[in-house]
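Peer 1: Have a look at this prediction, sequence included:
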Amino acid sequence: MVHFLRGFIFFLKLSIIAALGVLLAQYPGEAHLTWFGYQVDMSVGLLLAAILLSVAAILLLAGAWRSLWRLPVIWAEQRKMRRTRKGQAALIEGISAIAAGEFSEARRLAKRAVTLNAQQPLNLLLSAQSAYMSGKFEEANAYFLQMTKHQETTFLGLRGQVLHARHTNNWEQMRHLLQEAMNNRPKSPWVLQQLLELDLRLGSFDKASMIVEQMQLRQLITKPESRRRQALIHWMKAEAAEMAGDENLFVQTAASAHFEAPEISTIAVRLANHYHKIGKSSKAQKTLIGGYAHCPHPDFADQLLVLNTDVSPLDHYREIEKLVEGAPNHPESLYILARAAKAAKLWGQSRHYLTLLKGILYSQRVCRLMAELEEAENPHQTNQSHEWWERAATAPSDPAWVCKSCHTTTPIWHPICPSCEGFDQIAWSSPATPTMTNHQEVTPLLG
């Protein structure tokens, strides 16, 4: 329809021009013009043509003058665009330099980006990031503060200030900044997670529990995740009660933690150990058997041996058989059965479990146990044991408590990683990557 109207209007204009041309041809008329004593005689058509040419010439000269007049402005705009493009290129190169670990180069590019395009708020991000990674924390914090003055980078600036406050152990300022960040981004899971970890650090377990409830209500975590986090909070509260000598509160909160998260082996083992200390051995054994069914782990077998120190190795093996009834084919079950069978001198049984275990989870501990079995069963034949000891040196690493965030191996489980301070990150698994002896803090904003 639009194309039809345009065609119709064009055809109408063309018809009007043609009609005027025909009219002037039929009635040419004459025009007389006197100018400074000169008289000019011409037809009306020629006069109209001259007028049209004069108007066109005036418009052309006006356009040329306007272009000439705007030439400095156009040149300035083009120069500004070139500087902006160069500034953006420096910004991108600076971010790439940070990703490559070239922090001095990133700082140089940040200064270049600011010089070329001072109005770009992301330049502050690059400057803050490069300064932070170069160890200039106060300088980085100054950039973070400037970022909060720009609407586009307010949250990034607050996040940087939060991490700086955590780095300097300024917990009150950290809480204040997190409240500001929540006002800026009410649905941010990161802010709630930081508040949760801060409350746990300060021992504000009730506040931490309320934050977990908020996260569940906002559908940031599922109900099972919320249940597990509440269990971890209860456990940390139990540990604090144990350190304070409040046994009743310890039992109450540890039992709640075990009920909400029976899959956490350390909680079950520690609770069983406490029951044993206060003379509730039957309840301790029941806790171990129930906990092992949810999460098999060698610590259960070690704690079971503590409960029954006077039993013979053969009786201990039978107790282990009862313990693993809830998960008889689990690799940890096969391992502790093989270990207990070797101690009871049940060579065939131990070898059987180790053979099964080699096909499921071959590791250094399997090789070591095979070597010990060969030495115990065949003390005069050392070739087999030496071979297994050599295999142990090159076999895959044993399962251990490994942080899923920083990959650091820790000797015991804890709700908070002692290296990266990540909450609920430690799990029993085989280390897949080389562990770090010292925690390397990640980049604050770009990583």
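Peer 2: Perfect, thanks for sending it. Numbers count the residues shown, from 1 in each chain.
Peer 1: From now on I want contacts and neighbour counts done on CA atoms only, so please keep to that.
Peer 2: OK.
Peer 1: Can you spell out the domain ranges of this protein, please?
Peer 2: Domain assignment for the chain, taken from automatic domain parsing, gives 2-79, 147-185, 187-258, 262-361, 399-447.
Peer 1: between these, which gets nearest to Gly101?
Peer 2: Ranking those by proximity to Gly101 (CA to CA) places domain 399-447 first, at 10.2 Å.
Peer 1: now the domains of the chain in CSV, with mean neighbour count and mean pLDDT?
Peer 2: Converted to CSV, those look like this (neighbours: other CA atoms under 10 Å; pLDDT from 0 to 100):
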stretch, mean neighbour count, mean pLDDT
domain 2-79, 12, 75
domain 147-185, 18, 90
domain 187-258, 18, 92
domain 262-361, 19, 91
domain 399-447, 16, 76
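Peer 1: Figure out which of those domains is closest to Lys111.
Peer 2: With distances scored as CA to CA, the stretch of the domains of the chain nearest to Lys111 is domain 147-185 (15.7 Å).
Peer 1: which residues does the residue lying closest to Thr84 once chain neighbours are set aside contact?
Peer 2: Leaving out its chain neighbours, the residue that sits closest to Thr84 by CA to CA, 6 or more residues apart in numbering is Asn117, at 5.5 Å. By CA atoms under 8 Å, 6 or more residues apart in numbering, Asn117 lies in contact with Arg83, Thr84, Gly87, Gln88.
Peer 1: gap between the last one and Pro262?
Peer 2: Okay, so that is Gln88. Taking CA to CA, to the nearest Å as the measure, Gln88 falls 53 Å from Pro262.
Peer 1: swap in the second one?
Peer 2: Counting by CA to CA, the gap from Thr84 to Pro262 is 58 Å.
Peer 1: And the strands in this protein, which stretches?
Peer 2: Here the chain has its strands, by DSSP state E, at 30-35, 38-43, 400-403, 409-410, 426-429.
Peer 1: Can you tell me which of those is nearest to Ile92?
Peer 2: Closest to Ile92 of those, according to CA to CA: strand 400-403, at 32.5 Å.
Peer 1: circling back to that earlier point, take the strands of the chain and lay them out in a markdown table including distance to Gln303.
Peer 2: Listed next are the strands of the chain as a markdown table, based on distance: least, CA to CA, whole Å:
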| stretch | distance to Gln303 |
| --- | --- |
| strand 30-35 | 122 |
| strand 38-43 | 121 |
| strand 400-403 | 18 |
| strand 409-410 | 19 |
| strand 426-429 | 17 |
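Peer 1: got the contact list for the closest residue to Ile416 other than its chain neighbours?
Peer 2: Among residues not flanking Ile416 along the chain, Phe423 sits closest, at 4.6 Å (CA to CA, 6+ apart). Shown in contact with Phe423 (CA under 8 Å, 6+ apart): Glu197, Pro415, Ile416, Cys417.
Peer 1: who's in contact with the residue nearest to Ala257 when sequence neighbours are not counted?
Peer 2: In this structure, Ala257 finds its nearest non-sequential neighbour in Ala231, 4.2 Å apart by CA to CA, 6+ apart. Ala231 sits next to Ser256, Ala257, His258, Glu260, Ala261 when contact means CA under 8 Å, 6+ apart.
Peer 1: Next: His176.
Peer 2: His176 neighbours (CA under 8 Å, 6+ apart): none.
Peer 1: try Arg229
Peer 2: If a contact means CA under 8 Å, 6+ apart, then Arg229 has Val212, Asp424 as its contacts.
Peer 1: hang on, the earlier thing: what two of the contacts of Ala231 have the greatest distance between them?
Peer 2: The distance between the two most remote of the contacts of Ala231 (CA to CA) is 8.5 Å, for Ser256 and Ala261.
Peer 1: sorry, back to before: turn the domains of the chain into JSON lines, including distance to Ala140.
Peer 2: Shown next, in JSON lines, are the domains of the chain (distance: least, CA to CA, whole Å):
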{"stretch": "domain 2-79", "distance to Ala140": "31"}
{"stretch": "domain 147-185", "distance to Ala140": "8"}
{"stretch": "domain 187-258", "distance to Ala140": "20"}
{"stretch": "domain 262-361", "distance to Ala140": "40"}
{"stretch": "domain 399-447", "distance to Ala140": "10"}
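Peer 1: Nearest to Glu93 among those domains would be which one?
Peer 2: Taking the domains of the chain one by one with CA to CA, domain 399-447 is closest: 13.7 Å.
Peer 1: Can you report how many residues neighbour the residue lying closest to Ala110 once chain neighbours are set aside?
Peer 2: Sequence neighbours aside, Ser127 is the residue nearest to Ala110 in space, at 5.3 Å (criterion: CA to CA, 6+ apart). Applying other CA atoms under 10 Å, we find 26 residues neighbouring Ser127.
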